[in-house]
Structures are given as C-alpha cells and as structure tokens.
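Visitor: quick one, fold the following:
(one chain, ligands or ions: 2)
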Amino acid sequence: MSVTVYVPRDSSALSLGAEKVAKAIAQEAAKRGADIKLVRNGSRGLFWLEPMVEVATPAGRLAYGPVQPKDVTSLFDADFLKGGKHPLALGATDEIPYLKKQERLTNARVGITDPVSLDDYLAHEGYRGLKNALDMAPAEIVKAVTDSGLRGRGGAAFPTGIKWNTVLNAPGEQKYIVCNADEGDSGTFSDRMIMEGDPFVLVEGMTIAGLAVGATQGYIYLRVEYPHAHQNLNAAIQAAYAAGYLGKNICGSGKAFDLEVRLGAGAYVCGEETSLLESLEGKRGLVRFKPPLPAIKGLFGQPTIINNVISLASVPIILDKGGEYYRDFGMGRSRGTLPIQLAGNIKHPGLIEKAFGVTLRELLYDYGGGSATGRPIKAVQVGGPLGAFMPESQFDTPLDYEAFAALWAVLGHGGVVVFDDTVNMADMARYAMEFCAIESCGKCTPCRIGSTRGVEVMDRIIENQDRASNIQLLRDLSDTMLNGSLCALGGMTPYPVLSALNHFPEDFGADSKAKAA
Ligand SMILES: Cc1cc2nc3c(=O)[nH]c(=O)nc-3n(C[C@H](O)[C@H](O)[C@H](O)COP(=O)(O)O)c2cc1C
Ligand code: SF4
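Guide: Ligands and ions are numbered 1, 2, ... in the order given. Modelled structure (predicted):
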C-alpha cells in the first residue's frame, strides 16, 4: 500500500530547499521501489523546522525536519516511511508544542491538505459554510457575521458585519467584493499562507460575502511579489468553476458569483483601501477622500465590500459552525482568533493562531523561544511599519485591540517583529520616517512634506545637533502628521517615531531623557 509523504509547497519551505527535497524523496523512493504518494501541502508555519517533511502512518502524521536533500538517503535507511527513528524526527506533528497549543480556526486546513485539491478541501469540511449560506436570506448571513464579533484583520479592526450590512442596504446596479491581498506590512505572512496553503477557504469566504450583499463579481487584489499564491488561487478558482462552486449558477441555486485575481505592483499605499480601488480601476494608487465610504461608493462608484484575506477566510467557519462558536474565542471586544506572525530576531519564527488574550510574553518566550541571537529582547514592533515599538515593560499586554489602544499601540494585521538590545531605536525612528517618505502617495501635505522633513530632523538628532530643540520639533511635526494626514500612512508614522522616543529616550541622547521624564 502506498505511503503518503508530505513536502510543503509554501514559499517559506521552497526558499529553504523544499523543491529539491521533494525531488530527492521521489528519486530515492523510485530507486528503492518504495510505493509513495507525494503530496505538496502548505506549511504548518514552524519556519525554523522547514522544510518539514511528514509521513502518514497508522499512528497519525509524523514529522521530520528541517530536511535537506542530503538527509534523504538516511531517512529511507531509517525506514522513515514507517516512522523510523532519525536525528531529524520530531514525533507526531500535532503533538509539537508550538502547534498543539494553538487554536486554529481560520488556518484549520493549512499544512494539512493539498491546497489545490478540491476533493481534499471537501474532505476536510470545505464548502459547508457556503452550503448553509445558500439556504439563508442575505440579512441572515450578515447577522451570523455580526454575531460572530469578527473585526477586520487588515489593520483597522472595523466590525465586518456592520460593513456588510451597509453594502447590503446600499442601492447599486452592480455590487462588488474586493479582497485586500496586498499584505504590505513588515514581518507579515498570514495572508500569503492562507492563499498558498488553503486558497479555497478564501474563494468560499468571498462567495458567501457575495451572497450576503447581492454582489456578483469579486476581485482579489494580490501583490505581485506572491507568485505562488497567484498560482494556487488561480488553480482553486478554476477548480471551483469546474465543479459549480463559482459562476452563474452556484451549486444549482440560480445565484451567481464570478471571481478573478488582479495583480498590484507593490506600492505599500495600495494596501490602503481607497488607493487599492483606484489601482484596481487601472489608475495610479492615490488615496481617495472619505466620505463616501467604499461600502456606499467603492469600485467603479458601486457599493463594495473591501476586506482583508483573513477576514474573508474566517467567514466559512462562522457560517459552518455559527457566529456563537466563533465568538466564544477571545476576550473583551476582540472575538475569535488572530493568526499572529512571529518574525525578526526570534529563535522560533512562524505562524501562531490563537484566541485573543494571549500575551506578548507568551508569544515571545513560550512559542518564540527568545531572540535568535540569545540576547535580551529590547522591543517588539506590532502591527507593521506603522505600529508602535513596545518595550519589555509592556510584554504582559494581552493581544486585544482595546488593551493595545490603551497603550497607544496597535495590533494591526498581527505581525510581531522582534529586536534585541543591539538595535538603536533612534535609527528605527528615522527608518519609520524614511519609509513614509518613500511610500507616501503625495496627496496630502503633512505626509508628503512632513515625512521628508522628519528624516532631516532625525538626522540632526542622531548627529547630536541642537538635540533638545530638534526633539521638540520632531514632536510638533508628529503632532501635525497625526492630526492632519488624509490616511493612516502619514497619520500613523508618529506611532513608531514617538514610541521609540518615549520608551527608549537613552537612544536619543541625554536631552531627550530629561524631556521624556
Ligand atoms: C498605508 C496602508 C496600508 C494598508 N495595507 C493593507 C494591506 O496590505 N492589507 C490589508 O488587508 N489592509 C491594509 N490596510 C487597511 C485597509 O485600508 C482596510 O482597512 C482593509 O482592507 C479593510 O479590510 P478589513 O476590514 O477586513 O480589515 C492598509 C491601510 C493603510 C493606511
Ligand atoms: S497620508 Fe500620505 S499616503 Fe495617505 S493620503 Fe496623505 S500623502 Fe497619501
């Protein structure tokens, strides 16, 4: 009987040699006459163990990693197809503590199934949410999403049900569902992992969104830097059309939903929803004035739902198991789970999906194992390049939108980037200003001019020129950007800048120490 061997096709594993490992396993099996079925799964998200190879045994799936082509002969010698002992053996995959302690709802299938096999998707509870949605009235679908407490995972944490209700009630000839798959935040990869590891769940989530508000056309706006996600999304969309899950007559219901992927060219600001819509319409990615909200007047002037990948990919489980099931996870007003992405200077980087409420310290030490360099962790930046730097004294903060806001920090898309004590926070503040200057769309003055002046002021502070007055100038400038910018790119750049200044005054020189005190 053939033995199933899993070698990930996720780009994190590919970048570490998974393709060569897969080839080596196929060749060695052929040479030895071993009957194997090679499945290219998504990644389990334990990046320091990639490429992580799994074998299906009667006792469940067993893992080996990180595997390189040179290890393949010895794996066969050790009879790994029957779970034989080997220095790279990790035991039962589900028992690896990093995985075992997680609560995977949105990522339930990622790393487990063959991402482009519709049969595998169906065999693992796929399309159950859509089947339920097809029997529900649009307002009932919206209610289930509202009841779940789901808030947008793209950054702003806006309640998804309220957004959907606005589009449901907005008059329009043609409504649209747009998925924001631009994923531009530093240290983030959860959208990519879903799109590469379980693209059907996003396709299903968008189809349900279409039924909920009466939209018959969807677009996935995908960053061009994600070629593997592009491939898998297209394969899933094609399979969904062929099996009647997309098109003019979804599952024989008479309801229609068409879906296609559009590629963005890699500007950070094109992740901002109105700029994204401009880009999708074929124009330069300039931020639009609001109102009108995209829910009222979005793509091509029509009512449009625009949601992040994770928001939409969380919808199928909500429609399958009910809003209450999802809402039972989490704390306060942060309901459900968040796929957290641990990156930067950390021993065990990867994807951790947990209910809201887990603390930063648990993530950094229980999961992450401390810094990769072994040095003390000085700070983390949560929520992308516009997120605040958080010092050690804040590591006991639970992951909760309100708890972070109370500290003048943001959770954003759930990216956590780790820095050890060799990092100078004044340099990081300068970097934040420079990032804003480079990525600014240029529409409003506080951001376009402010960020360039901000880099100059930071240079003077770093060079110790008239430090006290330049720090005051930096605070004034941050205040102007915070309150006067048209969108959050300029409006949030002060978060990393001022948090660096307030929490690490020693890196800005003695003058600032006195100021912050
Ligand atoms: C500069 C900037 C970049 C953004 N980049 C992204 C992004 O890459 N992906 C994303 O989902 N949201 C991004 N957002 C947030 C979107 O504007 C918007 O809030 C989101 O797509 C709404 O979906 P959600 O409610 O599901 O989170 C960005 C916002 C700003 C201001
Ligand atoms: S804040 Fe920056 S990115 Fe946003 S609209 Fe103004 S210039 Fe454009």
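
Visitor: only C-alpha atoms from now on, for both contacts and neighbour counts.
Guide: OK.

Visitor: which residues of this protein lie near ligand 2?
Guide: Residues of the chain found near ligand 2 (Cα under 6 Å from any ligand atom) are 269, 287, 440-444, 447-448, 485-491.

Visitor: how near is Lys101 to Asn180?
Guide: 29 Å (Cα to Cα, to the nearest Å).

Visitor: which of the two has more neighbours?
Guide: Asn180 (26 against 14; other Cα atoms under 10 Å).

Visitor: list the contacts of the more buried one.
Guide: 154, 220-222, 271, 273, 276, 306-309 (Cα atoms under 8 Å, 6 or more residues apart in numbering).

Visitor: which of those residues fall in strands?
Guide: Applying DSSP state E to the contacts of Asn180, the entries found in strands are 220-222, 306-308.

Visitor: and these near ligand 1, which?
Guide: Within the ones in strands among the contacts of Asn180, those near ligand 1 by Cα under 6 Å from any ligand atom are 306-308.

Visitor: which parts of the stretch 301-450 of the chain are helices?
Guide: 309-313, 315-321, 323-327, 360-361, 401-406, 425-439, 445-462 (DSSP state H, counting those that start in this stretch).

Visitor: need the winner for burial among these.
Guide: helix 309-313 (a mean of 27; mean count of other Cα atoms under 10 Å).

Visitor: and it, does that touch ligand 1?
Guide: Yes - counting by Cα under 6 Å from any ligand atom, contacts between helix 309-313 and ligand 1 involve Ser311.

Visitor: show me what that helix is packed up against.
Guide: For helix 309-313, the elements it packs on are strand 175-181, helix 190-197, helix 199-213, judged by 3 or more Cα pairs under 8 Å, 6 or more residues apart in numbering; DSSP states H and E.

Visitor: any regions of this structure where pLDDT drops low?
Guide: Scanning the chain with the threshold set as pLDDT under 70 gives 510-517.

Visitor: for it, what lies in contact range of ligand 1?
Guide: 152-158, 180-184, 268-269, 271-273, 306-308, 311, 487-489.

Visitor: buried among these? Make that a ChimeraX selection.
Guide: Here is the ChimeraX selection string for the buried members of those, based on 16 or more other Cα atoms under 10 Å:
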select :152,153,154,155,157,180,181,182,183,184,268,269,271,272,273,306,307,308,311,487,489
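
Visitor: separation between Gly218 and ligand 2?
Guide: Distance from Gly218 to ligand 2, counting by Cα to the nearest ligand atom, to the nearest Å: 25 Å.

Visitor: please identify the helix or strand for that residue.
Guide: strand 215-223 (DSSP states H and E).

Visitor: and that strand, what does it pack against?
Guide: strand 175-181, helix 199-213, strand 258-264.

Visitor: spatially nearest residue to the residue in the stretch 51-200 of the chain that ligand 2 sits nearest to, not counting backbone neighbours?
Guide: Closest to ligand 2 within the stretch 51-200 of the chain is Gly184: 13.5 Å, counting by Cα to the nearest ligand atom. Spatial nearest neighbour of Gly184, chain neighbours left out: Tyr268 (5.5 Å); criterion: Cα to Cα, 6 or more residues apart in numbering.

Visitor: ok, the one you found - contacts?
Guide: Contacts here follow Cα under 8 Å, 6+ apart; on that basis Tyr268 touches 182, 184-185, 439.

Visitor: how about those residues, which pair is most distant?
Guide: Pairwise distances across the contacts of Tyr268 (Cα to Cα) peak at 14.0 Å, for the pair Asp182 and Glu439.

Visitor: show me where the stretch 51-200 of the chain has helices.
Guide: 72-77, 97-100, 118-123, 128-134, 138-148, 160-169, 190-197, 199-213.

Visitor: neighbours around Arg333, how many?
Guide: Arg333 has 14 nearby residues by other Cα under 10 Å.

Visitor: roughly how far apart are Ala267 and Thr93?
Guide: Taken as Cα to Cα, the span from Ala267 to Thr93 is 38 Å.

Visitor: an error on my part: the question was meant for Val5.
Guide: 13 Å.

Visitor: looking at the two, which is more packed in?
Guide: Applying other Cα under 10 Å to Val5 and Thr93 shows that Val5 carries more neighbours, namely 25 against 21.

Visitor: name the nearest residue to Leu38, ignoring sequence neighbours.
Guide: Nearest to Leu38 is Val5, by Cα to Cα, 6+ apart, at 5.0 Å.

Visitor: give me phi/psi at that neighbour?
Guide: With angles defined as degrees, to the nearest 10, Val5 sits at phi -120, psi 130.

Visitor: list the contacts for it?
Guide: Applying Cα under 8 Å, 6+ apart, the residues near Val5 are 36-39, 53-56, 81.

Visitor: filter those residues down to the buried ones.
Guide: Buried, going by 16+ other Cα under 10 Å: 36, 38-39, 53-56, 81, out of those.

Visitor: is it possible to export those to a markdown table including distance to Ala63?
Guide: Below are these laid out as a markdown table (distance: Cα to Cα, whole Å):
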| residue | distance to Ala63 |
| --- | --- |
| Ile36 | 16 |
| Leu38 | 14 |
| Val39 | 14 |
| Val53 | 6 |
| Glu54 | 4 |
| Val55 | 7 |
| Ala56 | 9 |
| Leu81 | 11 |
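
Visitor: what is the nearest of those residues to Arg453?
Guide: Out of the buried ones among the contacts of Val5, the member with the shortest distance to Arg453 (by Cα to Cα) is Val53, at 50.6 Å.

Visitor: quick check: the closest one touching Gln68?
Guide: No - at 9.9 Å, Val53 does not count as touching Gln68 under the criterion of Cα atoms under 8 Å.

Visitor: hmm, back to that, nearest to Ala243, out of the contacts of Asn180: which one, please.
Guide: The closest of the contacts of Asn180, once distances to Ala243 are taken by Cα to Cα, is Ile220, at 20.1 Å.

Visitor: so who does the residue nearest the centre of the chain touch?
Guide: Centrality entry for the chain: nearest residue to the mean C-alpha point is Ser190, 3.1 Å, by Cα atoms, centre = their mean. Residues near Ser190 by Cα under 8 Å, 6+ apart: 310, 339-341, 351.

Visitor: which residues are common contacts for Val5 and Thr93?
Guide: Glu54.

Visitor: now do Asp396 against ligand 2, distance only.
Guide: Taking Cα to the nearest ligand atom, one finds Asp396 at 32 Å from ligand 2.

Visitor: what's the local residue count around that residue?
Guide: The number of residues near Asp396, taken as other Cα under 10 Å, comes to 12.

Visitor: Gly357 is in contact with that one, correct?
Guide: No - contact between Asp396 and Gly357 fails when scored by Cα under 8 Å: they sit 10.3 Å apart.

Visitor: gap between Asp182 and His230?
Guide: 12 Å.

Visitor: overlap of the contact sets of the two?
Guide: Leu222.

Visitor: quick check: closest non-adjacent residue to the residue of the stretch 151-300 of the chain found nearest ligand 2.
Guide: Per Cα to the nearest ligand atom, Val287 is where the stretch 151-300 of the chain lies closest to ligand 2, at 4.9 Å. Nearest residue to Val287, sequence neighbours excluded (Cα to Cα, 6+ apart): Ser275, at 4.4 Å.

Visitor: would you map the strands across the stretch 1-150 of the chain?
Guide: 3-6, 36-39, 53-57, 60-64, 89-92 (DSSP state E, counting those that start in this stretch).

Visitor: and the contacts of the third one?
Guide: Just to be clear, that refers to strand 53-57. 3-8, 61-67, 80-83, 93.

Visitor: verify the contact between Ile25 and Val72 for me.
Guide: Yes - contact criterion Cα under 8 Å: Ile25 and Val72 qualify, at 6.2 Å.

Visitor: what values do phi and psi take at the residue of the stretch 151-300 of the chain closest to ligand 2?
Guide: Main-chain torsions, Val287, degrees, to the nearest 10: phi -70, psi 140.
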